[in-house]
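Asks: 3D model of this:
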Amino acid sequence: MASLRRHAARELAEELGIPASDEELRLWGLTRVTQFGSLGFHFLAPPVPSALVRRRRAELAVSVTERGVVPVLDEIAFVPSGERAARLGPGTDYLHQVLGRYFST
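Replies: Residues are numbered from 1 along each chain as shown. From the prediction side, this is the model:
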């Protein structure tokens with residue numbers, strides 16, 4: 001679990017530019033991806049204002065692009081309700097499950 005937390009903290013910083021220590025993350029959910037049969041471990045990070053996430057993500061995208069690398073995430077979305085989550089369309093096969101659980105708690 002410690003290794004998974006460290007990896008999640010590293011991904012949060014690499015993909016969104018949001019630093020968090022692995023101790024700040026808590027295991028929140030587990031999913032199984034139907035297409036590949038792999039497990040997804042979902043961690044909950046401390047709250048961060050959406051404006052900060054958007055700004056850091058934009059700064060990170062510019063930095064990565066300047067180095068000639070294509071950013072892994074091309075877009076982020078903030079989902080205000082479970083109802084909107086149902087209209088997100090295709091994506092990962094566990095997205096609706098994760099959002100449904102998040103909005104029910």
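
Asks: now the helices for this protein?
Replies: Assigned by DSSP state H, the helices in the chain fall at 2-16, 50-66, 82-85, 95-104.

Asks: below-threshold pLDDT in the chain: ranges please.
Replies: Low-confidence segments of the chain (pLDDT under 70): 79-93, 105.

Asks: can you rerun that using 80?
Replies: For the chain, residues meeting the criterion pLDDT under 80 lie at 33-37, 72-105.

Asks: so for the protein, the centremost residue is which one?
Replies: residue 12 (7.1 Å; CA atoms, centre = their mean).

Asks: mind listing what it touches?
Replies: Applying CB atoms under 8 Å, 6 or more residues apart in numbering, one finds that residue 12 lies in contact with 18, 19, 20, 25, 45. All C-beta atoms are positioned from the backbone trio N, CA, C, and that covers glycine.

Asks: give me that answer again for 7 Å
Replies: 18, 20, 45 (CB atoms under 7 Å, 6 or more residues apart in numbering).

Asks: tell me how far it lies from residue 55.
Replies: Distance of residue 12 to residue 55, given as CB to CB, to the nearest Å: 15 Å.

Asks: got it, and residue 14?
Replies: Distance, residue 14 to residue 55, using CB to CB: 16 Å.

Asks: would you confirm that residue 5 contacts residue 20?
Replies: No. Using CB atoms under 7 Å, residue 5 makes no contact with residue 20, being 9.8 Å away.

Asks: picking up where we left off before, of all the helices of the chain, which one is nearest residue 36?
Replies: helix 95-104 (14.9 Å; CB to CB).

Asks: could you say what helices and strands the closest one packs with?
Replies: Judged by 3 or more CB pairs under 7 Å, 6 or more residues apart in numbering; DSSP states H and E, the packing partners of helix 95-104 are strand 26-32, helix 82-85.
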